[in-house]
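Colleague: I would like to see how this sequence folds:
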Amino acid sequence: MPSRRFAAVLGTAGLVALTTVAATPGTAHAAACAAGTGITVVISNADGRQLHCATGGSMSALEATQAVVEVTQVQKFPGVVCRIDGQPDDQSCVQMPQADAYWSLYYSEDGADWTYSTVGAAEVELSAGDAVAWSYTGHEPGEVPAAAAGAASSDESPSSSSADPEDESTSGALGATLGGAAVAGLGIAALVVARKRNNDSG
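Modeller: All right, here's what the predicted structure looks like:
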């Protein structure tokens with residue numbers, strides 16, 4: 001009886017190990033653009049700090065922002081951003097925003113520190129690998145996202161995920177190793193059971 005229990009435990013452990021490897025998801029990338037794939041857009045307000053990726057090459061800070069979030073411009077001063085994704089919802093957006101309630105614009109070129117923009121978003125030209133940040137009054141843009149500096153990051157959440165070929169091959173090799181171990185374990189268990197039976201019959 002102990003031998004049968006031993007075989008059952010080995011069999012179950014082998015199946016669990018194989019299931020775990022098969023269910024391992026691909027490596028999740030950050031919401032910031034992977035190196036050289038686009039312009040990272042950072043939105044910082046009362047809702048927190050969100051990262052988006054405007055895929056593509058050269059474009060203005062305004063175009064990059066409009067590609068990933070809803071932007072409302074001041075009616076009498078086109079190019080001046082009044083709301084981002086409907087915030088703040090108490091602005092009419094007809095006249096210029098109040099001096100203590102507006103979006104500040106920052107940009108980073110090739111991973112450099114943030115630069116406060118003194119011109120409109122439509123005049124700030126950026127390239128793939130750069131970043132733009134919108135910080136509402138009382139909030140900071142935070143650090144320049146690592147991916148915008150030319151290195152993919154897994155710390156900050158593009159909303160998609162993909163598997164690294166090297167990770168896949170490693171997982172496959174690990175799965176094969178565990179599978180072989182499980183089969184070997186079952187074979188050993190069967191041998192133990194057979195010997196047990198022979199001893200009992202003897």
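Colleague: Near Trp134, how many other residues are there?
Modeller: Burial of Trp134 is recorded as 24 neighbouring residues (other Cβ atoms under 10 Å). From N, CA and C alone the C-beta is placed, and that goes for glycine too.
Colleague: partners of the helix or strand it falls within, with directions?
Modeller: Element membership for Trp134 (DSSP states H and E) is strand 131-136. As defined by DSSP bridges, the strand partners of strand 131-136 come to strand 38-45 (parallel), strand 103-108 (antiparallel).
Colleague: and those, which is most packed in?
Modeller: strand 38-45 (a mean of 26; mean count of other Cβ atoms under 10 Å).
Colleague: Tell me the first helix or strand C-terminal of that one.
Modeller: Where DSSP H and E defines the elements, the next helix or strand beyond strand 38-45 is strand 48-55.
Colleague: Check the gap between the closest residue to Asp100 other than its chain neighbours and Leu126 for me.
Modeller: Sequence neighbours aside, Thr137 is the residue nearest to Asp100 in space, at 5.9 Å (criterion: Cβ to Cβ, 6 or more residues apart in numbering). Noted for Thr137: a distance of 23 Å to Leu126, by Cβ to Cβ, to the nearest Å.
Colleague: How many neighbouring residues does Asp47 have?
Modeller: 11.
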